[in-house]
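# Okay, sequence plus prediction incoming.
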Amino acid sequence: MPNKVFNLKLDLNGQVVVPRMQIRRNDYETNIFAVQVLQNGVPVNITGWTPIFECLTPARKFIRDDGSENGNMNIINATEGKIEYTVTDKIFASLGDIDVAYFAFEKFENGRTKRVST
């Protein structure tokens, strides 16, 4: 079965408008977000950072998925800021629109967690 791939360029400066994406309930594990992370239009080196998909479901449940449970987050090219995230079933636990969704990147350094998000 072919996958539906959403190619996204997400800028950490927040200036990129992300188009509305439609994914139907139970279409999990076949929808992939192919993401390139940018800073003011320039690819960001994410070496050493952990990518995390976060969203708020229609039932107001916060989802945080780093891929460790299902192996669904892959760094494709760290120096070019490219990752792939395959949407899982927990995103579809309730019907409705997801209005808040983004990728965060975390790194533990000098006893603290650094964090940046798209």
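Nice, I can see it.
# got any ranges where this structure has weak pLDDT?
For the chain, the stretches with pLDDT under 70 are 1-2, 26, 28.
# what are the ranges of the strands in it?
4-11, 31-39, 42-43, 50-56, 62-65, 73-77, 82-86, 100-109, 112-117 (DSSP state E).
# okay if I get these as CSV plus distance to Pro19 and mean neighbour count?
Heads up, the C-betas are built off the backbone N, CA and C, glycines and all. Output for the strands of the chain, formatted as CSV (distance: least, C-beta to C-beta, whole Å; neighbours: other C-beta atoms under 10 Å):
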stretch, distance to Pro19, mean neighbour count
strand 4-11, 9, 15
strand 31-39, 12, 18
strand 42-43, 20, 12
strand 50-56, 16, 18
strand 62-65, 21, 14
strand 73-77, 21, 15
strand 82-86, 17, 20
strand 100-109, 13, 15
strand 112-117, 19, 12
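# Let's have those strands in CSV, adding distance to Ile23.
Formatted as CSV, the strands of the chain follow (distance: least, C-beta to C-beta, whole Å):
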stretch, distance to Ile23
strand 4-11, 8
strand 31-39, 5
strand 42-43, 26
strand 50-56, 12
strand 62-65, 14
strand 73-77, 17
strand 82-86, 11
strand 100-109, 11
strand 112-117, 21
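# And stretch 104-115, end to end?
Chord length of stretch 104-115, first to last residue, is 7 Å (C-alpha to C-alpha, to the nearest Å).
# what does it contact?
When contacts are defined by C-beta atoms under 8 Å, 6 or more residues apart in numbering, stretch 104-115 is touched by residues Val37, Ile46, Gly48, Trp49, Thr50, Pro51, Ile52, Glu54, Val116, Ser117, Thr118.
# try it again with 6 Å
Stretch 104-115 has contacts (C-beta atoms under 6 Å, 6 or more residues apart in numbering) with Ile46, Gly48, Trp49, Thr50, Pro51, Ile52, Glu54, Val116, Ser117.
# Stretch 74-90 too?
With C-beta under 6 Å, 6+ apart as the criterion, stretch 74-90 contacts 28, 31-37, 43-47, 51, 53, 63, 70, 72-73.
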